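# Sequence and predicted model, in that order:
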Amino acid sequence: MPEINVTPLGAGQDVGRSCILVSIGGKNIMLDCGMHMGYNDDRRFPDFSYITQNGRLTEFLDCVIISHFHLDHCGALPYMSEMVGYDGPIYMTHPTKAICPILLEDFRKITVDKKGETNFFTSQMIKDCMKKVVPLNLHQTVQVDDELEIKAYYAGHVLGAAMVQIKVGLESVVYTVSVNKSVQAAWIDKCRPDILISESTYATTIRDSKRCRERDFLKKVHETIERGGKVLIPVFALGRAQELCILLETFWERMNLKAPIYFSTGLTEKANHYYKLFITWTNQKIRKTFVQRNMFEFKHIKAFDRSYADNPGPMVVFATPGMLHAGQSLQIFKKWAGNEKNMVIMPGYCVQGTIGHKILNGQKKLEMEGRATLDVKLQVEYMSFSAHADAKGIMQLIRMAEPRNMLLVHGEGAKMEFLKGKIEQEFSIDCYMPANGETVTVKTNPSVPVDISLNLLKREMALGGPLPDPKKPRPMHGTLIMKENSLKLVSSEQALKELGLNEHQLRFTCRVQLQDPHSDADTLHRIYTHLKGLLKGYSIQHLPDGTVMVESIVIKVSSSSEDTNTKVLLLSWSYQDEDLGSYLSNLLKKGLPSGLC
Amino acid sequence: MKLYCLSGHPTLPCNVLKFKSTTIMLDCGLDTTSVLNFLPLPLVHSPRLSKLPGWVSKDATVNLEKELKECAGRIFVDSQPEFCLPEKELLDLSTIDVILISNYHCMMALPYITEHTEHTLIEQKDKNGTKTFTLTLPGPLKDAVEVWTWKRCYSMQEVNSALSKVQLVGYSQKVELFGAVQVSPLSSGYSLGSSNWLIQSHHEKVSYVSGSSLLTTHPQPMDQSSLKNSDVLILTGLTQMPMANPDGMLGDFCNNLAMTIRAGGNVLVPCYSSGVIYDLLECLYQFIDNANLGTTPFYFISPVANSSLEFSQIFAEWLCHNKQSKVYLPEPPFPHAELIQTNKLKHYPSIHGDFSSEFRQPCVVFTGHPSLRFGDVVHFMELWGKSSLNTIIFTEPDFCYIDALAPYQPLAMKCVYCPIDTRLNFHQVSKLLKEVQPLHVVCPEQYTQPPPTQSHRADLMLELQPPPVPYRRCSVLNLPFRRRYERVYILPELANSLVPSEIKPGVSVATVSAVLHSKDNKHTLQVILSALVNSHHIVCIQYHVQPPHHGITEVKVEETADGHILHLQAEDTLIQLEEDGTHIVCNNNEPLRTTLRDLVLRFLQKL
C-alpha cells in the first residue's frame, strides 16, 4: 500500500532549524532548511548526513521548498546547497527570494567577520545558492516534474510567507508555517491533504486579540517615554518590525510626541523599500491605502547611529537581532540594562540559549563573555507580536483543509503534546509529533484513476435517470483493459471488439418436471401469472408462439407422452442470466400454487 | 462542443464556449469604434462644435438637424457616444457559468453583461425602434454595424458592481469549474497580467489565445509550450497593424516628438492610461537626455494616472525577468518612478485644478481617450489644433486616425501616425501554430483572407492545413470534436478486489462490477455492498475444451462439423461444445448443472 514518510531533520519537538523531509509517491522533498540561533557548533544546522553519508544531495532530493525568510527556516540553505552539495530546484516566493539573501549575508557577517568563525559559507556561496532558486507565485501550480506539483498559498506570517501544497497523483501534503489567523487572506481550500504539517510555536497560547496587544504595547512605550526612560525593541530587520514601525508612527502623529524613534542598521531603508515594492503581499489594511499613501514612508522614524545610545532623554530604538544574541541590539541592551527607568520589549519568541530567552525567564544576572556579569534592572516586557500560529489558528486551519493526518513540528515538546491531544479529541484524526530523525509513516489509500468509455458511462447515467439516487445504488459492469500504462474501462462488448476476441455463448437448457392437470397452454399461462405475481420489476412476457420470456430466459411447456398431467418445462438461458435462470428452475420445480387461474 | 460568437471584432472578441456541462464566456470586448460616428464631448463649451450645421436630406423629407451635424463633409451624431455591444440574443446570457477575461482591453463590455442580463425585453424594444431609423441614414453612418445594439456608457456604480464579481487568478493556477472542466490562465506577453486560457478536462484541451505578444516589452513573456497538443485552438487578437513594426514606430514617435519640441510646438499623445504608455515612458526615459529634452515637461493626465503609475510598480511577479530582478535590489521595476521623482513627468487627474496653474509650454501631453471623442484630449485638440507648430502623435492602433480627426477638420496641427501594436503578426502566429500543433484552429473570418486594402498580400492571412474554421458575429460553430473517455476513480477497496488476468502479452483485463457514484461531475466506482443483482458476463473461449472427467462415467463423444457433443448417458445430459458456444442441456439437477458450468468456465475467460 502506498505511504508517505515524514522525517524532521530539525524542528522535531524543537524550535529552530526547520528542516523536514517528505517522501511522497516516490518523490523526496525538503521543506525548509533553517539554522538554530541557540547553537554555535554543528547543531546549528540540520543533520544532512541522515540523507546520505557521503556525497551530494542532488540525486536524493527532487526539490527544496522554503516557506519564508526567517533564518530558522532558510539559514542553512547555502551550507546545504554549496557545501554539502545540491543542484536541484529550490522554490520560494518572490519576496522571500528578495530578502533571504540579505539576511543570509547579514548572518554570515556576524558569524564570520565578527565572531571570526571559519568553515562557514561565503558571500559567493549565497549568490550561487540563490541562482538555484525558482520563484513561486501565489496559487500558481508549479510542475516540478511530470508527477510532482506544488502550489503556494498566502500564509501572512511575514512578508512572502507561504503555505505549500505538495501533490503527487492523488496523494498530497500541506506544509505551513505559522498561519496568522488574524490575516484574513491566509486561506486554503478544502484540499483534504493526507498530512498537514504545521508549526506549533505557540501551541498552548490562545492569544488575546491583536488590537489589545497593540494598545498594550503603545501604552507601555508611552509610559516609559513619559518618565524619561529609553525603550529598546529588539527585532529582526524584516517582518514584524515594519508593522510595529507603522504602529508607532501613527501613534506619534496622533499624540504629537517628540521623543525620537530610531531604527538600527543600514538595512532599514532597504527593508522598507522591499515592503513598498511587495505591498501586494502585505495585509489588506496596508494595501488599501497604498495609492494615497505608502505606509512605509515614515516621518518620525530615523536611522540610528551607535553614538545615539548615550544621548540623554527618552528615545525608542528598534535594533537587530531580535533575540539579543549578538549585534547592535545586544550592545544597546548592555548599555541600558542598568537603569530601571528603561524598558526592553521583546516582540517575538526567543530560543533557548539566547539572552532574550534568559531575561524573559526572569534572570537578573547575566554572565557575559570574559567572566563579567551584567545586572538586569530595566523592565522586561514580552509581547507576542510574532505571527506564529497559536492553537486557535491551527484548529481553524484543520477545519478549513480537512487533513486526514496531522503532524506538528517547530514547537516545544510539552506544548505540542497538549495540542496533539486537543486535535485528536476534536477532529478524531491521528496527530504525530516526531522528534528529529524519527520517521512518521502514513499509509495512504488513493483511488485508482481510470478512463471510462463515455458510451458506457452515459449508458449507466441514463439508466439511473437524471438525478442520482443515493438509496438505490446502480450497479455497473464493464471490463478494465490494462495496456502499457493506460487503464481503460469499457463495456464488455467494446472490450471484445478492441481485443479482437469472439464471444463465447454458454447456454443452459434445463428440463423441469411439473404435475399440473391442465392443457399445455393453460399451464404456460399459469406459469406466466405465477411469475408475474412473484417477480416484480422484471420484464415478463407471454409470447404468441407459446413461450414465456422472463428477461431473456425462454420457458416452454410440453406434456409427457405417458402422462398428460406431467408437464415438462424447458428453461433456456444464457450465462448472462445465470442467477435468474438458476432461481427460476428451482422455483418452478416446487410446482405452481393451486389458487392460480 | 459549441462556440457562439457574439462579437465580430477580431481584437475585441466575445465568444461563448459550451464544453461538457459548462458554459464559458471567453472575453467580453466592447467595440468602441462606433464612437467615431459621434461628435466629441468637449470639457468646456465649444463654439465651433455648437455652430456646426444640422443635417437635412436632399429632398428635405428627413429632417434630423437636431440629432445630426455636418463637419467637413461628414455627418456626426450630436449626443453622448454609444458603443457596439456583443450580441445578446444568440443565447441566454444568464446561463453563462463563468467569464474568462484575457486582458483589460477585452473586458470593457463586462458591466453590460453582468448588470443588464435580466433586461432582455426592454432591449428588444430598442432594437425595433432603431432599426427602421438606420435605413434612412446618410454616408458612413449607413454602413455602421449593429446599430440597434449600441448602448450608452455604464455608470461608475455598474462598473464597481461588475468588478465586485471578479475573482483574481494567478498564472498557471488551476481553477475547477463544477468538477467538469479545469481552466487555467497562461501569460500571453501582451500587457500587465494579460493571459491566454486553457480549458481542459482529462481528455480534451481547448486553448483560447487572445492578444498575445512575442516582443520583449514589460510583461512576463508568453507561455507557448503549455498550448501544445490542443484539440481546438481559438485564435483572436492578432495585430491590427500587420504592416507596422513596433520598434520602428517607437523610433518615429521619439523623433517626431523631439522635432516638434525643438521647433517650439506641443506634442499631444492620445493614449490609454495603461499598457503601451509604460513602454513609451521607458523609451522616453532613455531618449530624453540624449535628445536634450531634459527640461521639457511631460504631463500624463487621466483620472487614474496616479493609480496606473503606482500600481505598475508593485506587480513584479507579473513582469518580465529584467524588471523582476530590479525588485530584488530593491528598485522600482519601471523607470517612470525616476521620471516622477526628478519632476520630468507629472501626472494629474484632469486639466482642472493643479494642472492649469503648473502647465508650461512647449510640453508633451499623454491623455485619453484615443478616439478623440471624450476625455481631456478633446480640450487639447481644441486648444492646439489651430497651430501648425503642434503635433498629434497617434500610438494606439484601435482607431483609424483619419476618422478620429474628422470632426476637428480643418486642422492646422501636424499629425503623425505611429501605431504600436505588439500583438502577434501573421508570420509569428504561423510559426507558433507550427510549434504547438493544435488539431483545429478557429479564428475570426478576417484572418482567413488578406485585409481588403491589401488584397494581394497573401502573407497577411492565416494559411493552415487543415484550414482554420472562420467565425463572424452571430456564428454558432459545432467544433469538430468527439469526446470518448471520461475520468472515473476506482476506490481502493474495489481496486483491491479486482483480479486481472493476462489475455495477450502486455494486455490484461479484469471484469468490474461496481456501483457508480456521480457527484459534482466526479465519478467513482465502489464495491457493490448489497447482493441486489449479481454480475453476468460475456464469456469468450481461450483454450481448446477438453471433455470433462470429474466423476462422470459413460461419456459418449460425438464429432460434429463445428465441434463435439458429449453425451453423459447416466445423467441424460448433453453438452454441445463449439468454437463460439457451449450449450448444456440437462434435467433439473442443479448440483450437476453447476458442476458442469464451473468446469466449462475454467476454460473460459470472463470479460
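That came through, no problem. All figures in this text were calculated on a predicted structure; none of them were measured in a lab. Numbers count the residues shown, from 1 in each chain, chains lettered A, B, ... in the order given.

# After the host helix or strand of residue A:420, which helix or strand is next? Please name it.
Using DSSP states H and E, residue A:420 maps to helix A:413-427. Downstream of helix A:413-427, the next assigned helix or strand under DSSP H and E is strand A:430-432.

# Name the strands paired with the helix or strand just after that next one and say parallel or antiparallel.
Downstream of strand A:430-432, the next assigned helix or strand under DSSP H and E is strand A:440-443. Within its sheet, strand A:440-443 is paired with strand A:3-10 (antiparallel), according to DSSP bridges.

# quick one: average pLDDT of the partner strand?
What strand A:3-10 shows for mean pLDDT is 94.

# Can you pull out the residues in contact with the next helix or strand after it?
Moving toward the C-terminus from strand A:3-10, the next helix or strand (DSSP H and E) is strand A:19-24. For strand A:19-24, contacts defined as C-beta atoms under 8 Å, 6 or more residues apart in numbering or on different chains pick out A:4-11, A:28-34, A:46, A:50-51, A:76, A:166, A:168, A:171-173, A:175, A:194, A:197, A:409. Where C-beta positions appear, they are placed from N, C-alpha and C, glycine not excepted.

# on that earlier part again, chain center to the helix holding residue A:420, what's the gap?
Taking C-alpha atoms, centre = their mean, to the nearest Å, one finds the center of helix A:413-427 at 18 Å from the center of the full chain.

# So is the helix or strand hosting residue A:101 next to chain B?
Assigned by DSSP H and E, residue A:101 falls within helix A:94-108. Yes: for helix A:94-108 and chain B, the contact criterion (C-beta under 8 Å from any C-beta of the partner chain) is met by A:94, A:97-98.

# just those residues now: which is nearest chain B?
Taking C-beta to the nearest C-beta as the measure, chain B lies nearest residue A:98 of these, at 4.5 Å.

# and the closest one, how many neighbours?
26 (other C-beta atoms under 10 Å in any protein chain shown).

# One more: residue B:153?
Residue B:153 has 18 nearby residues by other C-beta under 10 Å.

# for it, what are its contacts?
Applying C-beta under 8 Å, 6+ apart, the residues contacting residue B:153 are B:80-81, B:83.

# quick one: it from residue B:369, how far?
11 Å (C-beta to C-beta, to the nearest Å).

# Repeat that for residue B:404.
In terms of C-beta to C-beta, residue B:404 sits 10 Å off from residue B:369.

# which stretches of chain B aren't confidently modelled?
By pLDDT under 70, the low-scoring segments of chain B are B:58, B:62, B:116-149, B:529-554, B:605-607.

# Domains in it, by residue range?
Domain assignment for chain B by the TED database gives B:2-41+B:80-241+B:423-478, B:42-79, B:246-417, B:488-502+B:509-542, B:551-606.

# which stretch among those comes nearest residue A:343?
domain B:246-417 (32.7 Å; C-beta to C-beta).

# what about the closest one and chain A, any contact?
Yes: contact of domain B:246-417 with chain A (C-beta under 8 Å from any C-beta) involves B:306-307, B:310-311, B:313-317, B:324, B:327-328, B:330, B:332-333.

# Just the ones in helices from those, please.
B:306-307, B:310-311, B:324, B:327 (DSSP state H).

# Tell me the buried residues within these.
With burial judged by 16 or more other C-beta atoms under 10 Å in any protein chain shown, the buried subset of these is B:306-307, B:310-311, B:324, B:327.

# quick one, strands of the stretch 251-400 of chain B?
Taking DSSP state E, counting those that start in this stretch as the criterion, the stretch 251-400 of chain B contains strands spanning B:267-270, B:298-301, B:345-348, B:364-367, B:391-394.

# so is residue B:25 in a helix, a strand, or just coil?
Of the three states, residue B:25 takes strand under DSSP: H, G, I helix; E, B strand; the rest coil.

# and what of the one 3 residues further on?
For residue B:28, the reduced secondary structure class is coil; criterion used: three-state DSSP.

# Tell me how far it lies from chain A.
24 Å (C-beta to the nearest C-beta, to the nearest Å).

# And for residue B:4?
Using C-beta to the nearest C-beta, residue B:4 is found at 23 Å from chain A.

# Least confident secondary structure element in chain A?
Each helix and strand of chain A was given a mean pLDDT (mean pLDDT, DSSP states H and E); the minimum falls on helix A:284-288 at a mean of 68.

# what distance separates the helix or strand that comes right after that one from the centre of its chain?
As assigned by DSSP H and E, the chain's next helix or strand after helix A:284-288 is strand A:301-303. Chain-centre distance of strand A:301-303: 39 Å, with C-alpha atoms, centre = their mean.

# can you check stretch A:25-38 too?
When C-alpha coordinates are averaged (C-alpha atoms, centre = their mean), stretch A:25-38 and its chain have centres 14 Å apart.

# Could you pull out the buried residues of it?
A:25, A:27-38.

# Stretch A:577-591 too?
A:577-578, A:580-582, A:584-585, A:587-588.

# And stretch B:491-503, by the same measure?
For stretch B:491-503, the neighbour count (16+ other C-beta under 10 Å) marks B:491-492, B:494-495, B:498, B:503 as buried.

# got it, and stretch A:404-417?
Applying a neighbour-count criterion of 16+ other C-beta under 10 Å, one finds A:405-411, A:415-417 buried in stretch A:404-417.

# how much space is there between the residue nearest in space to the middle of chain A and residue A:167?
In chain A, the residue lying closest to the centroid (C-alpha atoms, centre = their mean) is residue A:174, at 1.5 Å. Plainly put, residue A:174 is 9 Å away from residue A:167 if you go by C-beta to C-beta.

# Show only the entries of the contacts of strand A:19-24 found in strands.
Within the contacts of strand A:19-24, residues falling in strands by DSSP state E are A:4-10, A:28-31, A:166, A:168, A:171-173, A:175, A:197, A:409.

# what's the residue of the stretch 251-400 of chain A found nearest chain B in contact with, if anything?
Here the stretch 251-400 of chain A gets closest to chain B at one residue, residue A:273, 4.5 Å apart by C-beta to the nearest C-beta. Going by C-beta under 8 Å, 6+ apart, residue A:273 touches A:296, B:330.
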